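# kindly return the folded structure for what I paste below:
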Amino acid sequence: MALLSLFSHLQCWACCGDMEDEAPDLQVPGQLLPKKMSFARGHRSTWAMDERIETKPSARRQELKETMKLFATRGMQGVPVQLFDESSGSLHAGTYQIDDRLRSIHILPEDTADSSAYSRPSHTVMFSQILDVGTGKEVMSHVEPGAWTELSPLERDRLLVLVYNIETPESLSAVDCRKVFFLETDTESSKIFALCVRILRHYIEDIKQPELRSI
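As a prediction, the model looks like this:
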């Protein structure tokens, strides 16, 4: 029910405020979107794409909403990824999962043979805490040059970074910025992840504005 309620609010926000006008920095490569998008039963980590078409603004808004629904459903099931150490360039098995209220994402290493070498902690990130999300070449500035060269061109295209903040308990005005890196299943999934997180950020920022004005 929470998911249905969220998308009902998201639909009103998109139609009344125009999703594209509210989020002008959201870009789909080549201004193209999948005509139909789904992930196959039993294959939660992959997207199945039909032929691609150029979309008009109204059709594009509808495609964005459908993409968001599929992103959320896939994420709630849990998605296997490869966690990336931005210092050493090493990769380790991990998973991300989105909570059923679409408020946070939990990213953690899997308990596998190679996980003992991965000393990084798990991350629970509220979408409202996310400062930036990047994929592909957008990630380069966040990674040590030596670690970046450890990745193949295809791996670089799949790479994502989430930059987020945590207010420390000692001082609510202090902001602790953190980053987490991981490789999505494929390049398309990486772009869709970044796109949907940006939409969520804009949506959360917009619904917070009336609350702030009422204080």
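
# domains in this protein, as residue ranges please.
Domains of the chain are assigned by automatic domain parsing as 2-77, 79-213.

# mean pLDDT for the ones you listed: which is lowest?
Among the domains of the chain, domain 2-77 carries the lowest mean pLDDT, a mean of 59.

# which residues does Gln97 contact?
Going by C-beta atoms under 8 Å, 6 or more residues apart in numbering, Gln97 touches Gly75, Met76, Gln77, Gly78, Val79, Ile105, His106. (Glycine included, C-beta is placed from N, CA and C.)

# could you rerun that using 7 Å?
Gly75, Met76, Gly78, His106 (C-beta atoms under 7 Å, 6 or more residues apart in numbering).

# so what's it bridging to?
His106 (DSSP bridges).

# what helices and strands are in contact with the helix ranked longest in the chain?
Longest helix in the chain by number of residues (criterion: DSSP state H): helix 187-213. Contacts defined by 3 or more C-beta pairs under 7 Å, 6 or more residues apart in numbering; DSSP states H and E place helix 187-213 against helix 2-17, helix 19-22, helix 57-77, strand 130-135, helix 153-158, strand 159-167.

# surely Val180 and Thr124 touch.
No. Val180 lies out of contact with Thr124 (C-beta atoms under 7 Å); the separation is 10.3 Å.

# more crowded one of the two?
Shown here are Val180 and Thr124; by other C-beta atoms under 10 Å, Val180 has more neighbours (21 against 14).

# in the sheet, who's paired with the closest residue to that one other than its chain neighbours?
Setting aside the residues directly before and after it, Val180 is nearest to His123 in space (C-beta to C-beta, 6 or more residues apart in numbering), at 4.6 Å. The partner list for His123 in beta bridges (DSSP bridges) reads Ile107.
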